[in-house]
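Peer 1: got a predicted structure plus its sequence, pasted below:
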Amino acid sequence: MRRLSRIEALQTDWMHTMEWEKLGVVWQPAGEAEWAHTHATLPVVDASRPGEWRVYVSTRDAAGKSRIARLRVDLAGLSENQPPQVIAFDPQPVLELGPAGSFDDSGVMPSWLVNNGAEQRLYYIGWNVVGTVPYRLSIGMAVSRDGGESFERYATGPLIDRSLDEPFFATAPCVLQDGGQWRMWYISCTGWQLIHDRWEPSYHVKYAESPDGIRWRITGRSCVEAAHGEAIGRPCVFRRGAGYGMFYSYRSTTDYRTRPQQAYRLGYAESNDGLEWTRRDDAVGISMGDAGWDAEMMEYCWVQQQGAETYLLYNGNGFGKSGFGISRLKQA
């Protein structure tokens, strides 16, 4: 008889508060490549190979431009309450910068991975540097047809960009094939404010649908709205019983780079249908450390089931500058 995962074990009690055991940092760049000078942001896991994960992260070069890196991670240490060991780092980026003038010529960052028959789809964030505000973000897709060994852009243009429905930017998609359709929860910018002489964005979680995972219908539906003076980032949606759970990051719109009490932390919401959500940030079951790599902020998490265990990968200080770490969900 198959043993229930810890997420599944919570399915009958939606008001249960989770509790996570921190296992430590998995990886932080240490000069592996010029294009991977700092950061390991937005961990995305491919768990299709026995005994190991392939973890995609966004690294930065000395100029601050992001590329997508891939690590091979051995899972043996997890049974001893240790973070998994990185056993290989791909010497070349999985995805390079886009051509000059394209939506991703200033940076690419992984956001979600979907196995779709004989191909893998890597939904990613494309960066542009613009003249008025610091940046513009869009949603792109790369495809692998060789089991994840290599990826190429689906198109030079983005899947979702600024438009009549998204006037500022759309980014950080979470994509599920669900009930015969493709569903996306993503970050929608609601506007920019000039704060302490710096333009700062506000954003929250919105929803889109697609028949094929490529051509998306922007519904305009807000799923998890930010409170006044708050921004909500990078949704991570998973099935939970007959409904859904969502982890995300949230922060203040002011002083979030310098004051830990206003910086990113992890939040949680629940839904019966994936459309109407109830925030339950008090149930997330994990908080910043007292010292060390995640004592100033926590953000950009990924939930990964491995056998009967459930793990949470996430970034810490400096938007991933301190690397990414891992926690295990404790038994209820």
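Peer 2: Received it, and whenever you're ready, just let me know what you need.
Peer 1: C-terminal to the lengthiest strand in the chain, what's the next element?
Peer 2: When the chain is parsed with DSSP state E, its longest strand is strand 181-195. Sequence-wise, the next helix or strand downstream of strand 181-195 (DSSP states H and E) is strand 198-210.
Peer 1: please save the CA atoms from that next one in CSV.
Peer 2: In CSV, the C-alpha atoms belonging to strand 198-210 read as follows (Å, rounded to 0.1, in the frame of the first residue of the first chain):
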residue,chain,number,x,y,z
ARG,A,198,13.5,54.9,-6.3
TRP,A,199,10.6,53.4,-8.4
GLU,A,200,9.1,50.4,-6.6
PRO,A,201,6.4,48.1,-8.1
SER,A,202,3.3,46.7,-6.4
TYR,A,203,1.9,43.4,-7.6
HIS,A,204,-0.4,40.5,-6.7
VAL,A,205,-1.5,37.1,-8.0
LYS,A,206,-3.8,36.8,-11.1
TYR,A,207,-5.1,33.9,-13.2
ALA,A,208,-5.1,32.9,-16.8
GLU,A,209,-6.3,29.8,-18.8
SER,A,210,-5.2,28.1,-22.1
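Peer 1: tell me what the helix or strand just after that strand is packed against?
Peer 2: Per DSSP H and E, the first helix or strand lying C-terminal to strand 198-210 is strand 217-224. Contact here means 3 or more C-beta pairs under 8 Å, 6 or more residues apart in numbering; DSSP states H and E; on that basis strand 217-224 packs against strand 198-210, strand 230-240, strand 243-252, strand 265-271, strand 277-279. Every residue, glycine included, has its C-beta placed from N, CA and C.
Peer 1: what sits up against the fourth one?
Peer 2: It refers to strand 265-271. Contact partners of strand 265-271, identified using C-beta atoms under 8 Å, 6 or more residues apart in numbering, comprise 14, 18, 223-224, 232, 240, 243-251, 277-281, 283-284, 286-288, 297-299, 301, 314.
Peer 1: for the record, mean pLDDT for that strand?
Peer 2: Averaging pLDDT along strand 265-271 yields 97.
Peer 1: tell me the strands beside it, with direction?
Peer 2: Its sheet considered, strand 265-271 pairs with strand 243-252 (antiparallel), strand 277-279 (antiparallel) by DSSP bridges.
Peer 1: most tightly surrounded among the ones you listed?
Peer 2: Of all those, strand 243-252 has the most neighbours on average by mean count of other C-beta atoms under 10 Å, namely a mean of 22.
Peer 1: between strand 230-240 and it, find me the angle.
Peer 2: 160 degrees (axes from the mean of the first three to the mean of the last three C-alpha atoms, to 10 degrees).
Peer 1: okay, the angle between strand 243-252 and strand 181-195?
Peer 2: 10 degrees.
Peer 1: strand 243-252: how far from the chain's middle?
Peer 2: Centre-to-centre, strand 243-252 and its host chain are 11 Å apart (C-alpha atoms, centre = their mean, to the nearest Å).
Peer 1: you'd agree T219 is up against Y207?
Peer 2: Yes: using C-beta atoms under 8 Å, T219 is in contact with Y207, at 5.3 Å.
Peer 1: mutual contacts of those two, please.
Peer 2: Common neighbours of T219 and Y207 (C-beta under 8 Å, 6+ apart) do not exist.
Peer 1: which one of these two has more residues nearby?
Peer 2: Neighbour comparison, T219 and Y207: the larger count goes to Y207, with 22 against 14 (by other C-beta atoms under 10 Å).
Peer 1: beta-bridge partners for G325, please?
Peer 2: Going by DSSP bridges, G325 forms beta bridges with V25, Y314.
Peer 1: I'd like to check which residues are in contact with it.
Peer 2: Per C-beta under 8 Å, 6+ apart, neighbours of G325: K22, L23, G24, V25, V26, P83, W293, D294, L313, Y314, N315, G316.
Peer 1: pull out the buried residues from those residues.
Peer 2: K22, L23, G24, V25, V26, P83, W293, D294, L313, Y314, N315, G316 (16 or more other C-beta atoms under 10 Å).
Peer 1: give the contact list for L71.
Peer 2: Contacts of L71 by C-beta under 8 Å, 6+ apart are W27, R54, V55, V57, V86, A88, F89, D90.
Peer 1: in JSON lines: the helices and strands packed on strand 217-224, plus distance to A40.
Peer 2: Below are the helices and strands packed on strand 217-224 laid out as JSON lines (distance: least, C-beta to C-beta, whole Å):
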{"stretch": "strand 198-210", "distance to A40": "23"}
{"stretch": "strand 230-240", "distance to A40": "15"}
{"stretch": "strand 243-252", "distance to A40": "16"}
{"stretch": "strand 265-271", "distance to A40": "17"}
{"stretch": "strand 277-279", "distance to A40": "28"}
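Peer 1: and A308, which of the ones you listed is closest to it?
Peer 2: A308 lies closest to strand 230-240 among these, at 15.6 Å (C-beta to C-beta).
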